[in-house]
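Engineer: Here is the input, now give the coordinates:
(one chain, ligands or ions: 2)
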Amino acid sequence: MNVYKALTIAGSDSGGGAGIQADLKTFQELQVFGMSAITAVTAQNTLGVQGVYPLPVEAIEKQIESVGTDLGADAVKTGMLFSADIIQAVANKVKQFGWSRLVVDPVMIAKGGAPLLQEEAVQALKTYLLPLAMVVTPNIPEAEVLTGMTIHTLNDRREAAKRLHDLGVQYVVIKGGHDDDGEEAVDLLYDGDEFSYFTSKRIETKHTHGTGCTFAAAVTAELAKGRTVKEAVETAKAFIQAAIEEELGIGHGHGPTNHWAYRRKFFE
Ligand SMILES: Nc1ncnc2c1ncn2[C@@H]1O[C@H](COP(=O)(O)OP(=O)(O)OP(=O)(O)O)[C@@H](O)[C@H]1O
Ligand SMILES: Cc1ncc(CO)c(N)n1
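Structural biologist: Ligands and ions are numbered 1, 2, ... in the order given. As a prediction, this is how the structure comes out:
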């Protein structure tokens, strides 16, 4: 049996809808063996973030080394990295193990507004990690912070994608979840040459906690299997659409998406 493996380097969400938990569930659903290096523990639920506890840099490095020196990874994803020190350490380890199928989800703030990345760490993300990335997956506010431009139109988004590509990342996906007008949720992919668009019906719901993590984890899982970036984004879009569509309706606030919905929709 050919076993594909993916490593997520991200924060823990006690509520189970985002972060490490969303990543591992998504890897599993897509039949990829999931491994993790936890950067920070968050006390979090559907109502918000009640606490953030970053781990010592050494603890993060050790986890990555444990995976890298034994199991190996076909693809790697980063999520919440919190500080410039953590970003630099993660970038060094990615280089050390020669991981080229790297998906960077530049997590900055949780849906309720809690900061998951220190402001001074944005530059470190641009300098150390993005040049190593195969794919970066910002939402619109994250793309604005990374490029320093405001994004209103699709044209703005295309310009932002070009600027992100100039930072050294091979493929840029700017997600459209935050683009509030319109009946559709449109994600844009730029490969340095052409733009592609992945469009789905926008679902009217407040249960979108962890959509970004889940989407990027699905891209990572498909890359681990050797798919092209375009194929991986296509599957990730179908995965997140199903996960939002088939609501779980749990928790008292912005609930998590349904990680098993894609399997039920397409394979059962
Ligand atoms: N209401 C919606 N209906 C359909 N698709 C959506 C909706 N909201 C988000 N998506 C899709 O979910 C994916 C994640 O996009 P989004 O922009 O919400 O990420 P995000 O803000 O990083 O998420 P989070 O910070 O909650 O993890 C994209 O593929 C986007 O198109
Ligand atoms: C741990 C963690 N990572 C990422 C996000 C973004 O959805 C979150 N809310 N929590």
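Engineer: Please count neighbours and contacts with C-alpha atoms only from this point.
Structural biologist: Will do.
Engineer: Could I get the full set of helices for the stretch 51-200 of the chain?
Structural biologist: Ranges of helices in the stretch 51-200 of the chain, per DSSP state H, counting those that start in this stretch, are 57-66, 84-96, 122-124, 140-147, 154-166.
Engineer: So for ligand 2, which of the ones you listed sits nearest?
Structural biologist: Each of the helices of the stretch 51-200 of the chain has some distance to ligand 2 by C-alpha to the nearest ligand atom; the shortest is helix 140-147, at 11.3 Å.
Engineer: can you give me the strands for this protein?
Structural biologist: 5-13, 33-45, 48-54, 75-78, 102-104, 135-136, 171-174, 184-190, 195-201 (DSSP state E).
Engineer: Could you point out which of the ones you listed sits nearest ligand 2?
Structural biologist: So among the strands of the chain, strand 5-13 is nearest, using C-alpha to the nearest ligand atom, at 3.9 Å.
Engineer: okay, and for the protein, where does confidence drop off?
Structural biologist: 180-181 (pLDDT under 70).
Engineer: Can you pull the residues of the stretch 1-150 of the chain lying near ligand 2?
Structural biologist: The stretch 1-150 of the chain comes close to ligand 2 at residues 11, 12, 13, 18, 19, 42, 80, 107, 110, as judged by C-alpha under 6 Å from any ligand atom.
Engineer: OK, contacts around the fourth one?
Structural biologist: When contacts are counted by C-alpha atoms under 8 Å, 6 or more residues apart in numbering, residue 18 touches 12, 209, 210, 211, 213, 214, 256.
Engineer: quick one: the third one and residue 254 touch, right?
Structural biologist: So the one you mean is residue 210. No: shown here, residue 210 and residue 254 do not form a contact pair, counting by C-alpha atoms under 8 Å, at 9.6 Å.
Engineer: rewinding a little: which one (most neighbours) among the contacts of residue 18?
Structural biologist: residue 214 (30 neighbours; other C-alpha atoms under 10 Å).
Engineer: what sits against residue 225?
Structural biologist: 4, 32, 74.
Engineer: of those, closest to ligand 2?
Structural biologist: Once C-alpha to the nearest ligand atom is applied, the member of the contacts of residue 225 that ends up nearest ligand 2 is residue 32, at 20.2 Å.
Engineer: Would you mind listing the residues in contact with the closest one?
Structural biologist: Contacts of residue 32 by C-alpha under 8 Å, 6+ apart are 3, 4, 5, 6, 221, 224, 225.
Engineer: re earlier: farthest pair within the contacts of residue 18?
Structural biologist: 12 and 211 (15.1 Å; C-alpha to C-alpha).
Engineer: and the residue of the stretch 151-268 of the chain found nearest ligand 2, backbone torsions?
Structural biologist: Nearest residue of the stretch 151-268 of the chain to ligand 2, counting by C-alpha to the nearest ligand atom: residue 210, 4.3 Å away. Torsion angles at residue 210 (phi, psi; degrees, to the nearest 10) stand at phi 90, psi 10.
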